[in-house]
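> Below is the structure, and that's it, no one-letter string:
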């Protein structure tokens with residue numbers, strides 16, 4: 001993306017109806033463009049930077065368009081490092097469209113994707129990692145993602161990156177000592193070789209731990225999977241609708257209504273999750289049913305929480321017991337004896353308790369018992385989230401790729417001990433270069449285009 005120096009505008013709040021909308025204007029002509037678009041020109045030109053005042057936005061014809069508030073900023077004391085104005089207008093879609101159109105007619109243009117933040121980067125108002133953190137803060141879908149991105153924005157990654165840099169610099173020093181004085185008898189006594197190997201191995205281990213935390217973060221962003229499993233006609237779909245609070249799936253007294261899984265996002269126990277209604281566990285008669293049952297089994301294997309739903313008025317079927325026995329040892333399973341309006345289901349409840357599985361009695365027709373199930377699921381989900389260590393310094397695909405590349409260089413160097421010391425030193429220097437790239441000190445236009453778009 002070639003850097004533009006003209007004046008850009010963009011809606012800074014989400015599109016759609018709302019009480020208010022914020023529009024940003026940035027560039028050399030931002031103050032003049034806004035001044036052309038309002039009635040109180042002298043009031044605006046005389047206002048001090050950082051002061052919020054009220055104005056009348058007007059059409060080119062001079063007719064009133066909207067009442068707005070505006071605050072102007074003078075370079076370099078703004079988000080973008082340029083002269084800027086932030087306008088707050090009423091949030092109706094048509095009004096926002098008209099205000100944006102008025103600013104364009106006054107000389108601005110619509111910003112490209114990420115262009116405000118790119119200008120901030122190019123003007124030294126932010127670095128590449130903070131820019132990526134802004135994107136993560138805006139798009140985070142979990143408390144872990146949002147909280148960690150805020151830490152990255154305030155430099156939470158610095159200590160770890162600085163530690164790796166120090167270790168690699170020290171390692172290069174040890175290797176150069178070995179190269180320079182390797183023929184002398186006391187070189188081993190000073191421990192240079194052990195220190196060099198130890199430094200490389202430490203950076204590799206800690207970087208791999210960060211990659212693993214990154215993977216856990218992605219899982220957290222996706223959400224914990226809560227899967228409703230059980231035989232046909234046990235009431236899974238009815239409970240699924242009850243938990244969601246609306247009729248998401250078709251419910252019918254005929255067995256096997258649900259032949260494939262249905263999922264919805266839900267926030268439960270304070271944690272973003274997916275709740276999944278699955279096909280009934282049974283002996284399948286045709287290929288479509290077999291595929292549905294196999295997918296159900298896949299969900300059982302990988303899910304965060306298993307809610308096993310079985311009918312109080314029916315016996316355990318063989319296939320049900322087979323799967324239950326395979327996953328009964330897991331701590332993330334809740335047994336639900338449903339349809340207690342038709343039978344007490346005490347024998348089934350006793351079986352769950354003997355297996356060490358928490359058991360609830362519900363009736364999808366009775367809202368109160370469903371509430372107990374939601375509470376139990378919420379507690380289990382919150383407990384899983386509490387023990388999930390996803391506090392990482394890696395918040396973007398770019399950062400992940402850079403760290404993985406550094407690990408490859410260092411592994412290659414480690415494999416060459418003790419005979420190719422010059423190559424090992426070069427691999428460590430390449431690793432240092434990756435850390436500079438992580439910080440954004442070494443970039444190309446292609447990298448920047450990818451980040452800011």
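Yes, it's here. Fair warning: this is a prediction, and the values are worked out from it, not measured in the lab. Residues are numbered from 1 along each chain as shown.
> Show me which positions of stretch 237-249 end up buried.
237-243, 248 (16 or more other Cβ atoms under 10 Å). From N, CA and C alone the C-beta is placed, and that goes for glycine too.
> Could I get the residues you listed in a markdown table, plus columns for pLDDT?
Putting those into a markdown table (pLDDT from 0 to 100) gives the following:
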| residue | pLDDT |
| --- | --- |
| 237 | 83 |
| 238 | 83 |
| 239 | 86 |
| 240 | 85 |
| 241 | 84 |
| 242 | 83 |
| 243 | 82 |
| 248 | 67 |
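> can you redo these as JSON lines with secondary structure and distance to residue 402?
Formatted as JSON lines, the buried residues of stretch 237-249 follow (DSSP: H, G, I helix; E, B strand; the rest coil; distance: Cβ to Cβ, whole Å):
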{"residue": "237", "secondary structure": "helix", "distance to residue 402": "46"}
{"residue": "238", "secondary structure": "helix", "distance to residue 402": "49"}
{"residue": "239", "secondary structure": "helix", "distance to residue 402": "46"}
{"residue": "240", "secondary structure": "helix", "distance to residue 402": "42"}
{"residue": "241", "secondary structure": "helix", "distance to residue 402": "46"}
{"residue": "242", "secondary structure": "helix", "distance to residue 402": "47"}
{"residue": "243", "secondary structure": "helix", "distance to residue 402": "42"}
{"residue": "248", "secondary structure": "coil", "distance to residue 402": "42"}
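> Going by distance to residue 180, which of those residues wins?
residue 243 (69.0 Å; Cβ to Cβ).
> Go ahead and confirm that closest one touches residue 374.
Yes. Judged on Cβ atoms under 8 Å, residue 243 makes contact with residue 374 at a distance of 5.8 Å.
> what do those two both touch?
Residues touching both residue 243 and residue 374 (Cβ atoms under 8 Å, 6 or more residues apart in numbering): residue 268.
> So what touches stretch 54-72?
By Cβ under 8 Å, 6+ apart, stretch 54-72 touches 30-31, 34, 37-40, 43-44, 47, 49-53, 83-90, 95, 98-99, 102, 105.
> Same question for stretch 156-163.
129, 148, 206, 210, 393, 435, 438-439.
> ok, 7 Å please
129, 393, 435, 438-439 (Cβ atoms under 7 Å, 6 or more residues apart in numbering).
> cool, and stretch 306-319?
226-231, 233-236, 239, 281-283, 300, 320, 324, 327, 330, 332-340, 342-345, 348, 377.
> Report the buried members of these.
226-231, 233-236, 239, 281-282, 300, 320, 324, 327, 332-340, 345, 348, 377.
> Could you tell me which of these belong to strands?
226-229, 333-338 (DSSP state E).
> Provide the secondary structure category for residue 18.
coil (DSSP: H, G, I helix; E, B strand; the rest coil).
> How about residue 438, nearest residue that isn't a chain neighbour?
Leaving aside its sequence neighbours, residue 438 sits nearest to residue 402 (Cβ to Cβ, 6 or more residues apart in numbering; 4.8 Å).
> Please apply the same query to residue 407.
Among residues not flanking residue 407 along the chain, residue 207 sits closest, at 5.2 Å (Cβ to Cβ, 6+ apart).
> Settle this for me: residue 341 is touching residue 363, isn't it.
Yes. Assessed by Cβ atoms under 7 Å, residue 341 is found in contact with residue 363 at 4.4 Å.
> So these two - more neighbours on which side?
Taking neighbours as other Cβ atoms under 10 Å, residue 341 and residue 363 compare with residue 363 leading, 19 against 13.
> these two touch, right, that one and residue 344?
No. Applying Cβ under 7 Å as the test, residue 363 and residue 344 come out as separate, 11.1 Å apart.
> Any of the contacts of stretch 156-163 buried? List them.
Buried among these (16+ other Cβ under 10 Å): 129, 393, 435, 438-439.
> can you tell me which of those residues are in helices?
129, 435, 438-439 (DSSP state H).
> Between which two of those residues is the distance greatest?
129 and 435, at 11.5 Å, using Cβ to Cβ across those.
> coming back round to it: I'd like the ones in strands among the buried ones among the contacts of stretch 306-319 laid out as a markdown table, including pLDDT.
Putting those into a markdown table (pLDDT from 0 to 100) gives the following:
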| residue | pLDDT |
| --- | --- |
| 226 | 90 |
| 227 | 89 |
| 228 | 90 |
| 229 | 87 |
| 333 | 88 |
| 334 | 90 |
| 335 | 88 |
| 336 | 88 |
| 337 | 89 |
| 338 | 87 |
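> which of those residues lies closest to residue 116?
residue 226 (38.5 Å).
> Kindly provide the distance from that closest one to residue 376.
Going from residue 226 to residue 376 by Cβ to Cβ, to the nearest Å gives 11 Å.
> Also residue 90?
When residue 90 is compared with residue 376 (using Cβ to Cβ), they lie 45 Å apart.
> Of the two, which one has the most company?
The residue with more neighbours, out of residue 90 and residue 376, is residue 376; 18 against 15, by other Cβ under 10 Å.
> What residues sit buried inside stretch 95-110?
By neighbour count on 16+ other Cβ under 10 Å, the buried set for stretch 95-110 is 95-96, 98-100, 102-103, 106, 108.
> Residue 354: which of those is nearest?
residue 96 (61.9 Å).
> Who's the closest spatial neighbour of residue 130, skipping the chain neighbours?
In space, residue 130 is closest to residue 153, 5.4 Å off (Cβ to Cβ, 6+ apart).
> Count residues in the vicinity of that neighbour, would you?
Counted with other Cβ under 10 Å, residue 153 comes out at 19.
> ok, residue 175 - contacts?
Residues in contact with residue 175 (Cβ under 7 Å, 6+ apart) are 196, 421, 424-425.
> Can you tell me the element residue 371 falls in?
Here residue 371, judged by DSSP states H and E, is contained in helix 367-386.
> next SSE after that helix?
Next along from helix 367-386, by DSSP H and E: helix 397-414.
> what's that following helix packed up against?
helix 192-222, helix 421-439, helix 445-452 (3 or more Cβ pairs under 7 Å, 6 or more residues apart in numbering; DSSP states H and E).
> quick one: buried residues of it?
Neighbour count says helix 397-414 has 398-400, 402-403, 405-407, 409-410, 413-414 buried, by 16+ other Cβ under 10 Å.
> One more: stretch 148-160?
Applying 16+ other Cβ under 10 Å to stretch 148-160 flags 148-149, 152-153, 156-157, 160 as buried.
> out of the buried residues of helix 397-414, who's nearest residue 448?
residue 398 (10.1 Å).
> pLDDT score assigned to the closest one?
You'll see residue 398 listed with a pLDDT of 90.
> Check which element follows the lowest-mean-pLDDT helix or strand in the chain along the chain.
Across the helices and strands of the chain, mean confidence by mean pLDDT, DSSP states H and E is lowest for helix 287-302: a mean of 68. Per DSSP H and E, the first helix or strand lying C-terminal to helix 287-302 is strand 305-311.
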